[in-house]
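*Asks:* heads up, no residue letters with this:
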């Protein structure tokens, strides 16, 4: 039973609260014993403990816990009461009693609610189902990854790492689905890959269109709203079940939208438009203070437009018209509260993603063309053409042209297009409407329709490696879908690269000689500092600290120590490092040159430091031909030959990271060193010509890195990929990668990075 006197003893009488004064009789009228007594015994005890904790800091918070105990337990759960009390007290300390009471009045609507354990729905919990749902929309090319917010680069859809808007997993999962759908239709509608003429905004990409406005934040909010309305009309036609869920979620989100009475007029007007869309069924009356500014006819027109499936150009036109209307409102604009399923616009990332995708498709097309031409006969250069009717560009607002060529003219001979090449051509036509001439020319010095194959691929299986070939390693590969290894799955050949480009060495030492000498001196000091042993009986120098102590002992009549020397121990530093350099095709050009410079400078410094190190490059194509270039083995002395190998490194093919990581891990595991480092230098995600893409590639790479960590080897990645880096955090772990934003600074940063991670 609950004793009311025990409860009242928690509070001073009379009790002054923010809403009035309470006396003994007032407490009895509140029926506290009835409220708490209605709870199960264990829950009752938890509530009383919580109330006591709160009352000991601020009495009114404890009283509120008792008054609302039933609804609070329903909202947060009995097991979360201690964490809930901690959040209340944090809010009280940071913002005062008013904010703490607001939180207690409706915990689920407060942003702090997501901090309760078990409340949020995490990406890991839904990733497999969401991926299946995404692919069911009609594409296998897109992947999902977690990030700080929802956006897309047209190749990956990034969603938040957790969602706790409703605090109910079913509803929060719906938010995840709506984010994926909105991002998917942004890609499908090609909102990032077209130009448009809208009023005074001529021939602009989406990013350029938004930045042309005086207030880009307002233009972006308007565009997102119109775009979501257009997406809703598509969902209504194509996915009626999901549209019913969307209508329900919109109503619930509207109920949770807080008032913005004190915001500028422009902001309140934009909020009114958002509420109209969330309202959905009728025109919600405008707030009285906005009525003088709201034109009902304009609002009716906007609602009609938003309920139709607009083209990209029409979406921009509506955005432009709404912006000009809102510009007539007085005051400045403060961005409105984002809807929980909105997809943030990142046109720059999308444009980079489109470029990467186009380059990838181009390489795929050229490889298919190489195989096709390889069957014709040995010839240095071929003339490749398409029929004139296939070179007509298409309207980017419409679907790709269906006039996919059924044959290609090679040296004026019609060659049927294989099915694999046809699928790639369909992607090119969907994106560009034609096959550009540059796709038919592999190197920059070639142009027009003349093609020289990247590599001569013999007929049959000669292009691939054999387990019986010399220096070929047979490796396993992790398949996350079966939660196990594919045994003896990958063939990787260890190759000593050609020693080429002597001019590079001369140019590099002439240009960076001063930097190299400076870094060498710094590393020499590091080596000496770490190798000097103090208080030795014999040595090369005096230990001043030990000598002073010896004189003090002598003056005091004690026997002085003989250990007053220092000695240089050249074997003391125990570090072994292996460097894995990405030689994929995407590093061609300036990136490859900077990689070589950075490696050369680092190798010169490490040679002075005395650490054991090895350098490998990796590339390849498919699981049957991975290549590991042995630039310098662990037991090989650094010298002119290694320098020439570094100078001769070239960009090659694809980025299958798992096999080289596993092989180099074995090499490092044989090293008897206290610190063993596996340092990767890459410009992007793992990727290969076959299925080794997306989640499969990342999971295999991540598992290979976990295997290395299990053997006491620390992996670290230095990346020059400017895209979202959440995949690096996922693969390598927090603190085990570094992004070099300015590629030109990579050579001077490499020694600095190595010094930090090896110390």
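*Replies:* Now that the structure is in, tell me what you want to look at. As the structure is a prediction and not an experimental result, all values here were calculated from the model. Numbering: from 1, shown residues only.
*Asks:* where do the strands sit along the stretch 201-350 of the chain?
*Replies:* For the stretch 201-350 of the chain, the strands defined by DSSP state E, counting those that start in this stretch occupy 201-204.
*Asks:* give me the low-pLDDT residue ranges for it?
*Replies:* Within the stretch 201-350 of the chain, the ranges that satisfy pLDDT under 70 run 201-204, 281-297, 306-307.
*Asks:* For it, which segments count as helices?
*Replies:* In the stretch 201-350 of the chain, the helices defined using DSSP state H, counting those that start in this stretch lie at 206-211, 216-238, 240-256, 265-279, 296-306, 312-327, 347-374.
*Asks:* Counting by contacts, list what the longest one packs against.
*Replies:* So the one you mean is helix 347-374. Judged by 3 or more Cβ pairs under 8 Å, 6 or more residues apart in numbering; DSSP states H and E, helix 347-374 is in contact with strand 151-152, helix 206-211, strand 382-385, strand 407-410, helix 419-432. Bear in mind the C-beta positions are built from the backbone N, C-alpha and C, glycine included.
*Asks:* nearest to residue 751, of the ones you listed?
*Replies:* The closest of the helices and strands packed on helix 347-374 to residue 751 is strand 151-152. By Cβ to Cβ, the value is 35.5 Å.
*Asks:* And residue 757, how close does it get to residue 660?
*Replies:* As judged by Cβ to Cβ, to the nearest Å, residue 757 and residue 660 stand 19 Å apart.
*Asks:* The two: which is more packed in?
*Replies:* Each of residue 757 and residue 660 has its neighbours counted (other Cβ atoms under 10 Å); residue 660 has more, 30 against 17.
*Asks:* Check for me that the more buried one belongs to a strand.
*Replies:* No - counting by DSSP: H, G, I helix; E, B strand; the rest coil, residue 660 is located in no strand; its state is helix.
*Asks:* Contacts only, for the residue lying closest to it once chain neighbours are set aside.
*Replies:* Among residues not flanking residue 660 along the chain, residue 618 sits closest, at 3.9 Å (Cβ to Cβ, 6 or more residues apart in numbering). Counting by Cβ atoms under 8 Å, 6 or more residues apart in numbering, residue 618 touches 580-583, 626-629, 655-657, 659-660.
*Asks:* With distance to residue 188 and secondary structure as extra columns, can I get those residues in a markdown table?
*Replies:* Output for the contacts of residue 618, formatted as a markdown table (distance: Cβ to Cβ, whole Å; DSSP: H, G, I helix; E, B strand; the rest coil):
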| residue | distance to residue 188 | secondary structure |
| --- | --- | --- |
| 580 | 37 | strand |
| 581 | 37 | strand |
| 582 | 32 | strand |
| 583 | 35 | coil |
| 626 | 35 | strand |
| 627 | 37 | strand |
| 628 | 40 | strand |
| 629 | 41 | strand |
| 655 | 27 | strand |
| 656 | 30 | coil |
| 657 | 30 | coil |
| 659 | 35 | helix |
| 660 | 36 | helix |
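*Asks:* And these, which is closest to residue 499?
*Replies:* Closest approach to residue 499 among the contacts of residue 618 (Cβ to Cβ): residue 629, at 11.9 Å.
*Asks:* which one's the longest helix in the chain?
*Replies:* Counting by DSSP state H, the longest helix found in the chain is helix 502-531.
*Asks:* any idea how far stretch 20-27 is from the chain center?
*Replies:* Put simply, stretch 20-27 sits 56 Å off its chain's centre (Cα atoms, centre = their mean, to the nearest Å).
*Asks:* and that stretch, how far apart are its ends?
*Replies:* Separation of the first and last residues of stretch 20-27 by Cα to Cα, to the nearest Å is 13 Å.
*Asks:* Stretch 487-503 now?
*Replies:* Stretch 487-503 stretches 44 Å from its first residue to its last (Cα to Cα).
*Asks:* Just the buried residues of it, please?
*Replies:* Buried residues in stretch 487-503, counted by 16 or more other Cβ atoms under 10 Å: 489-494, 497, 501.
*Asks:* Redo those residues as JSON lines? Include secondary structure, pLDDT and distance to residue 684.
*Replies:* Listed next are the buried residues of stretch 487-503 as JSON lines, based on DSSP: H, G, I helix; E, B strand; the rest coil; pLDDT from 0 to 100; distance: Cβ to Cβ, whole Å:
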{"residue": "489", "secondary structure": "strand", "pLDDT": "89", "distance to residue 684": "23"}
{"residue": "490", "secondary structure": "strand", "pLDDT": "91", "distance to residue 684": "20"}
{"residue": "491", "secondary structure": "strand", "pLDDT": "92", "distance to residue 684": "24"}
{"residue": "492", "secondary structure": "strand", "pLDDT": "92", "distance to residue 684": "20"}
{"residue": "493", "secondary structure": "strand", "pLDDT": "91", "distance to residue 684": "23"}
{"residue": "494", "secondary structure": "strand", "pLDDT": "92", "distance to residue 684": "24"}
{"residue": "497", "secondary structure": "coil", "pLDDT": "84", "distance to residue 684": "22"}
{"residue": "501", "secondary structure": "coil", "pLDDT": "68", "distance to residue 684": "24"}
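*Asks:* Tabulate those residues in TSV, adding columns for distance to residue 115.
*Replies:* Below are the buried residues of stretch 487-503 laid out as TSV (distance: Cβ to Cβ, whole Å):
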residue	distance to residue 115
489	43
490	44
491	50
492	46
493	52
494	51
497	53
501	56
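*Asks:* number of nearby residues for residue 712?
*Replies:* For residue 712, the count of nearby residues is 12 (other Cβ under 10 Å).
*Asks:* three-state assignment of it?
*Replies:* Going by three-state DSSP, the secondary structure assigned to residue 712 is coil.
*Asks:* what's near enough to touch the residue nearest to it when sequence neighbours are not counted?
*Replies:* Counting by Cβ to Cβ, 6+ apart, residue 712 lies nearest to residue 676, which is 6.5 Å off, once chain neighbours are set aside. Under the criterion of Cβ under 8 Å, 6+ apart, the contact list for residue 676 reads 575-577, 668-669, 712-714.
*Asks:* again with residue 57
*Replies:* Each residue near residue 57 by Cβ under 8 Å, 6+ apart is listed here: 89, 92.
*Asks:* How much space separates it from residue 370?
*Replies:* On the measure of Cβ to Cβ, residue 57 and residue 370 end up 73 Å apart.
*Asks:* cool, residue 341 as well?
*Replies:* Computed as Cβ to Cβ, the residue 341 to residue 370 distance reads 45 Å.
*Asks:* State the pLDDT value of residue 472.
*Replies:* Note on residue 472: pLDDT of 90.
*Asks:* That one: neighbour count?
*Replies:* Residues lying near residue 472 (other Cβ under 10 Å) number 15.
*Asks:* Residue 112 too?
*Replies:* Neighbour count of residue 112, defined by other Cβ under 10 Å: 15.
*Asks:* mind checking which helix or strand the nearest residue to it once chain neighbours are set aside is in?
*Replies:* Leaving aside its chain neighbours, residue 112 sits nearest to residue 87 (5.2 Å; criterion: Cβ to Cβ, 6+ apart). Per DSSP states H and E, residue 87 falls inside helix 81-95.
*Asks:* what comes up buried for that helix?
*Replies:* 81, 83-85, 87-89, 91-92.
*Asks:* Next, format these as JSON lines and append distance to residue 159 and pLDDT.
*Replies:* Formatted as JSON lines, the buried residues of helix 81-95 follow (distance: Cβ to Cβ, whole Å; pLDDT from 0 to 100):
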{"residue": "81", "distance to residue 159": "31", "pLDDT": "91"}
{"residue": "83", "distance to residue 159": "25", "pLDDT": "89"}
{"residue": "84", "distance to residue 159": "27", "pLDDT": "91"}
{"residue": "85", "distance to residue 159": "31", "pLDDT": "91"}
{"residue": "87", "distance to residue 159": "25", "pLDDT": "89"}
{"residue": "88", "distance to residue 159": "30", "pLDDT": "90"}
{"residue": "89", "distance to residue 159": "32", "pLDDT": "90"}
{"residue": "91", "distance to residue 159": "28", "pLDDT": "86"}
{"residue": "92", "distance to residue 159": "33", "pLDDT": "87"}
